[in-house]
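Trainee: Below are the sequence and a predicted model; questions follow.
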Amino acid sequence: MRFDTDILIAGGGLNGPALALALSHAGFTVTVVDARPAPERAGSNFDGRGYALALASKRLLDRLGVWQDVAPNAQPMLDIKVSDGRAGEGPSPFFLHFDHAELEEGPMGFMLEDRFLYRAFQTAMENDPAITLIPDTSVTEQSVDASGVTVTLSTGETRRARLLVGCDGRQSGVAQRAGIRRTGWGYGQTALVCAIAHELPHNGVAHQFFMPPGPLAILPLPGNMSSIVWSETEENAARIHALSDEDYLAVLRPRFGDFLGDISPAGPRFTYPLGLTVANHFVAEHIALVGDAAHGMHPIAGQGLNAGLRDVAALAQVLTEAKSRGEDITSILVLERYQEWRRFDTQALVAATDITNKLFSNDNPLLRAGRDIGMGLIGKVPALRRTFMREAAGLTGDLPDLMR
């Protein structure tokens, strides 16, 4: 049976290109089908959208040969400060301070704008002869048989591959067409996302401020700028997003505080509905799911992309090891190794983000007292504090080789 490519990846966001590069390095031919035009996200205009990349994810990018291109634009996250309180009243006296010096492995992570990471992935794929990128195209149909999968593209063309990987987001068409159901729910929250310029330097410190409607993350970008991810109830978020920049800042200032001096907008504003969605299965015959196609979670810990990149490293390792042993890489027995590897870690992370959001996004006085005491305890016990720091850096659990 003739195949156009060993592996076809539906979705060219960030996980798709990362997986393509990892598989190419292992000797596979890969085709990436990206629904958006290639230059769209690789443009040079600043919009403030960025990712908190854990240290383990940085290692993966380094192994893929991408990190050297994005490093000059990456902002190290040296410290993380976590506090609880109400808008305009400041944080409670109980808070957490994670200092990277305790980790002894460098920064806990890096903030990196989407445009720089996407551009680096695009360049790396274009320079890799084993990768074919098909932009401005989507997968509309898929048909699985005993030896592989045939997909139909929005152009009307067909491609045949040994394995189809869905990197196509929370509404994954690959998963739907494979009959994979999902479990999840909405949080009744919306994330308000934008970049803020401020008078004083942030010194590489990331802040997470928990308030009754939802958390506010202040994440350092290069220079005197920070990216914010601000969770509010759906009704409040719609009202706030509709305000002028001046009125928007007037609502933000009591929440943001004045520790960085005066603040001003720096780029466009975005909103994203918040919810939880997990695929009931990560694999099917000749099918695998990666990233948000497998699991979408609350951004409360900034682990969405990091979890997807761990999927990438795990799937690449499973397929590479199967190939080296002469196994059929598309055997369901091989694919289930990937599912089993990622299932426990995903369930633990999803549960942690879900429980944390429900525990902190309220004004119940008993819960407030309990969580403040808990934060104070963690802050006072070095072993507990370091455990949380290693978790934030992505250094816990059964790490794939590309992240070691």
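Mentor: Structure received.

Trainee: Show me the shaky parts of the chain.
Mentor: 39-44, 94 (pLDDT under 70).

Trainee: Isn't G304 up against D292?
Mentor: Yes: G304 lies in contact with D292 (C-beta atoms under 8 Å); the separation is 7.1 Å. Heads up, the C-betas are built off the backbone N, CA and C, glycines and all.

Trainee: When those two are compared, which one has more neighbours?
Mentor: Neighbours were counted for G304 and for D292 using other C-beta atoms under 10 Å; D292 has more, 25 against 20.

Trainee: From E105, how far out is the more buried one?
Mentor: In this view, D292 and E105 are 28 Å apart by C-beta to C-beta, to the nearest Å.

Trainee: What of I240?
Mentor: Distance, I240 to E105, using C-beta to C-beta: 39 Å.

Trainee: and those two? which has more neighbours close in?
Mentor: Neighbours were tallied for I240 and for E105 using other C-beta under 10 Å; the higher tally belongs to I240 (18 against 12).

Trainee: shouldn't that one be in contact with V251?
Mentor: Yes: applying C-beta under 8 Å, one finds I240 in contact with V251, separated by 5.5 Å.

Trainee: where along the stretch 301-404 of the chain do the helices fall?
Mentor: 304-324, 332-360, 365-380, 382-392 (DSSP state H, counting those that start in this stretch).

Trainee: So which elements touch the last one?
Mentor: Meaning helix 382-392. Secondary-structure packing of helix 382-392 (3 or more C-beta pairs under 8 Å, 6 or more residues apart in numbering; DSSP states H and E): strand 90-99, helix 365-380.

Trainee: I'd like these as CSV, with mean neighbour count appended.
Mentor: As requested, those are exported to CSV (neighbours: other C-beta atoms under 10 Å):
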stretch, mean neighbour count
strand 90-99, 16
helix 365-380, 14
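
Trainee: Of all those, which one is nearest A161?
Mentor: With C-beta to C-beta as the measure, strand 90-99 is the member of those nearest A161 (43.1 Å).

Trainee: Could you tell me the angle between the lengthiest strand in the chain and helix 332-360?
Mentor: In terms of residue count, the longest strand belonging to the chain (DSSP state E) is strand 182-198. Orientation of strand 182-198 against helix 332-360 (axes from the mean of the first three to the mean of the last three C-alpha atoms, to 10 degrees) gives an angle of 60 degrees.

Trainee: Buried residues, stretch 99-116. List them.
Mentor: 100, 103, 107-116 (16 or more other C-beta atoms under 10 Å).

Trainee: Please disregard the earlier target; I meant stretch 267-280.
Mentor: Buried, per 16+ other C-beta under 10 Å, within stretch 267-280: 267, 269, 271, 274, 276-279.

Trainee: Spatially, which two of these are the most separated?
Mentor: Pairwise distances across the buried residues of stretch 267-280 peak at 33.2 Å for G267 and A279 (criterion: C-beta to C-beta).

Trainee: Would you state the helices of the stretch 1-150 of the chain in chain order?
Mentor: Under DSSP H, counting those that start in this stretch, the stretch 1-150 of the chain gives helices at 15-25, 38-41, 55-63, 67-70, 114-126.

Trainee: right, so those helices: which one is the most enclosed?
Mentor: Most buried of the helices of the stretch 1-150 of the chain, by mean neighbour count (mean count of other C-beta atoms under 10 Å): helix 15-25, with a mean of 26.

Trainee: Using PDB, write out every CA atom in it.
Mentor: Taking Å, rounded to 0.1, in the frame of the first residue of the first chain, the C-alpha atoms of helix 15-25 are listed here in PDB:
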ATOM      1  CA  ASN A  15       1.700  21.200  19.200                       C
ATOM      2  CA  GLY A  16       1.400  20.100  15.600                       C
ATOM      3  CA  PRO A  17       4.700  21.700  14.500                       C
ATOM      4  CA  ALA A  18       6.400  20.500  17.600                       C
ATOM      5  CA  LEU A  19       5.300  16.900  17.000                       C
ATOM      6  CA  ALA A  20       6.200  17.100  13.300                       C
ATOM      7  CA  LEU A  21       9.800  18.200  14.200                       C
ATOM      8  CA  ALA A  22      10.100  15.500  16.900                       C
ATOM      9  CA  LEU A  23       8.900  12.800  14.500                       C
ATOM     10  CA  SER A  24      11.100  14.100  11.600                       C
ATOM     11  CA  HIS A  25      14.200  13.800  13.800                       C
END
